[in-house]
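A.B. asks: Here's a sequence, model it:
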Amino acid sequence: MRLTFSRARVVQAAWAILLLWSTPVSALPGDNPPPGARPPPRDNPPPGEAPAFTNDDTGPGDARVNPDAVDATAADDPPRTNDATSDGDAAVAVAKTRARPDREVPFGFYRDPQGRVMQVSFDLQQRIWLGVAYAPRRRSNGQLEIAPAAFEFGLAYEETTPDGMTRQRFRVMDGEARLHPFGLDVTAFRYDLSRRYENPILRITTFLGEPQRHDLNLNVGFYTEALRLEVAPRGVEGEYALTLATLQGTLDLWQSRDLRSFVRLRVGPAIEARLGSWGQDARFVGFLPQSILEGNAILGKRALQLLTFRLRGELLRSLTVQPRALPWDWLVAAEGAWEVIFMAINDQPISLRLAAQAGLREDTGTTALPGSTIAGSTPAWEWKGTAALRVSFFSPPVLPTARR
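C.D. replies: Residues are numbered from 1 along each chain as shown. Below is the predicted model:
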């Protein structure tokens with residue numbers, strides 16, 4: 001059988017082969033576009049599929065690919081280019097494809113240019129922590145400790161109601177254990193509540209000239225703690241101080257919008273038991289009214305710093321029918337601390353904590369405490385410094401609503 005072709009047919013076939021030969025492989029249907037190329041957006045993508053390009057403000061050569069629309073193997077396969085593409089351009093295209101820095105990550109995390117994801121925000125008020133510290137101090141009996149080590153531990157959890165008007169704070173087993181000599185200061189449980197009230201508790205209207213209204217907002221709250229144990233709090237061997245319970249009201253003088261930071265005043269009683277061979281009694285239960293001005297502030301762009309301070313005054317009185325003199329019955333103390341996260345290992349933050357505190361006690365008894373070099377009725381002062389490294393666990397990122 002003899003096949004015949006017209007001259008027009010031969011010209012059309014040759015022209016089609018020439019066009020096919022000159023077309024880049026990467027521009028064929030079904031393949032990835034070459035670097036710098038930008039296909040027209042699809043108005044109606046298939047159900048469940050996002051448009052191929054999401055940044056409409058970028059020009060040619062700077063298009064950003066939606067990571068949900070890119071094949072999972074695209075990061076491993078370099079883009080195919082024609083012979084006209086230089087080696088340098090191809091290397092840049094491969095690096096951009098593999099890095100995909102624009103790919104979305106959960107809030108509080110960061111993707112570096114190599115595509116690796118890491119947590120960069122940690123909540124210092126929700127965590128479990130362990131720490132080791134250098135903590136020199138001077139006790140109220142005159143004893144100076146310049147080379148003690150301490151281990152810190154505790155659990156903290158806080159939550160805010162959905163309306164953002166109430167915040168609850170929990171602390172469990174918060175304290176430290178000291179070595180050489182041994183000492184312990186740990187609180188088994190602590191809880192407090194802060195609230196912001198929309199309606200003023202007191203409205204004052206004045207009629208001097210135009211009527212003016214002055215609102216007084218009192219953001220009152222609640223604080224309690226139970227079972228705080230101090231071993232040798234004043235350096236007297238065999239002495240223990242156990243706070244059975246504390247019940248106090250709080251007044252927030254200042255609050256941040258998210259209630260994470262505050263300055264407040266709290267006042268209320270506590271019941272404390274003291275055990276030890278001092279005075280005429282080996283043990284006793286006393287009534288301890290306290291007045292405390294304290295503050296808590298979250299600092300930094302990513303909330304990686306925590307600043308706290310406390311001014312405390314307490315007066316110890318017995319619960320007996322016949323009042324009697326009690327040793328070391330009042331205390332005035334001040335303390336401050338600053339903690340900052342400076343690194344993380346496997347997304348577990350490592351923080352540096354610096355703290356200092358000083359206090360003044362007075363003994364109304366007539367005899368000095370055992371082991372003390374200070375007369376019984378002379379006020380004695382004490383101080384302590386702390387430099388600690390802490391590692392925290394289960395610390396989530398700070399939510400954006402908590403940093404407004």
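A.B. asks: Residues contacting stretch 352-361, please?
C.D. replies: 131, 133, 140, 152, 234, 328, 330-340, 342, 379-390 (C-beta atoms under 8 Å, 6 or more residues apart in numbering). Just so you know, the C-beta spots here come from the backbone N, C-alpha and C atoms, and that holds for glycine as well.
A.B. asks: So for that stretch, what gets flagged as buried?
C.D. replies: 353, 355, 357-359, 361 (16 or more other C-beta atoms under 10 Å).
A.B. asks: Could I have the CA atoms of it written out in CSV?
C.D. replies: C-alpha atoms of stretch 352-361 as CSV (Å, rounded to 0.1, in the frame of the first residue of the first chain):
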residue,chain,number,x,y,z
LEU,A,352,18.6,31.8,84.7
ARG,A,353,17.1,33.0,88.0
LEU,A,354,18.6,35.7,90.2
ALA,A,355,17.0,36.5,93.5
ALA,A,356,17.7,38.4,96.7
GLN,A,357,15.9,38.8,100.0
ALA,A,358,16.5,40.5,103.4
GLY,A,359,14.6,40.6,106.6
LEU,A,360,14.5,41.8,110.2
ARG,A,361,13.3,39.8,113.2
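A.B. asks: Now that stretch: average pLDDT?
C.D. replies: Per-residue pLDDT values over stretch 352-361 give a mean of 93.
A.B. asks: Export stretch 156-176 to CSV, keeping only CA atoms.
C.D. replies: Extracted in CSV, the C-alpha atoms of stretch 156-176 (Å, rounded to 0.1, in the frame of the first residue of the first chain):
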residue,chain,number,x,y,z
ALA,A,156,2.7,25.9,88.4
TYR,A,157,-0.5,26.1,86.5
GLU,A,158,-2.7,29.1,85.6
GLU,A,159,-5.9,29.5,83.6
THR,A,160,-8.1,32.3,82.5
THR,A,161,-11.9,32.0,82.1
PRO,A,162,-13.2,32.3,78.5
ASP,A,163,-14.5,35.9,79.2
GLY,A,164,-11.0,36.9,80.3
MET,A,165,-12.2,38.4,83.6
THR,A,166,-11.0,35.8,86.0
ARG,A,167,-7.6,34.1,86.4
GLN,A,168,-6.8,31.2,88.7
ARG,A,169,-3.3,30.3,89.8
PHE,A,170,-2.1,27.0,91.3
ARG,A,171,1.2,26.0,92.9
VAL,A,172,2.1,22.5,94.1
MET,A,173,5.2,21.5,96.0
ASP,A,174,6.9,24.8,95.4
GLY,A,175,10.2,25.2,97.3
GLU,A,176,13.8,24.4,97.8
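A.B. asks: which residues sit against it?
C.D. replies: With C-beta under 8 Å, 6+ apart, stretch 156-176 has contacts from 124-129, 133, 135, 150-155, 184-198, 257-260, 401-402.
A.B. asks: now, which of those residues lie within strands?
C.D. replies: 127-129, 133, 150-155, 184-195 (DSSP state E).
A.B. asks: filter the residues you listed to the buried ones?
C.D. replies: For the ones in strands among the contacts of stretch 156-176, buried by 16+ other C-beta under 10 Å: 127-129, 133, 150, 152, 154, 185-187, 190, 192, 194-195.
A.B. asks: Could you identify the most distant pair in those residues?
C.D. replies: Taking C-beta to C-beta as the measure, those span a maximum distance of 35.0 Å, between 150 and 195.
A.B. asks: what helix or strand is residue 275 on?
C.D. replies: strand 270-278 (DSSP states H and E).
A.B. asks: and that strand, which strands flank it?
C.D. replies: Applying DSSP bridges, strand 270-278 is found paired with strand 240-255 (antiparallel), strand 281-287 (antiparallel).
A.B. asks: how about CSV for those, with mean neighbour count and distance to residue 164 added?
C.D. replies: Listed next are the strands paired with strand 270-278 as CSV, based on neighbours: other C-beta atoms under 10 Å; distance: least, C-beta to C-beta, whole Å:
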stretch, mean neighbour count, distance to residue 164
strand 240-255, 16, 11
strand 281-287, 14, 38
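A.B. asks: Lowest average confidence across these, which one?
C.D. replies: For the strands paired with strand 270-278, mean pLDDT drops lowest on strand 281-287, to a mean of 67.
A.B. asks: where in the stretch 251-400 of the chain is pLDDT low?
C.D. replies: 277-284, 318-328, 363-378 (pLDDT under 70).
A.B. asks: Strands along that one, start to end?
C.D. replies: Secondary structure of the stretch 251-400 of the chain by DSSP state E, counting those that start in this stretch: the strands cover 262-268, 270-278, 281-287, 290-299, 305-315, 317-318, 330-345, 348-362, 380-393.
A.B. asks: Which one, of those, ends up nearest to residue 217?
C.D. replies: That would be, of these and by C-beta to C-beta, strand 262-268, which comes in at 13.6 Å.
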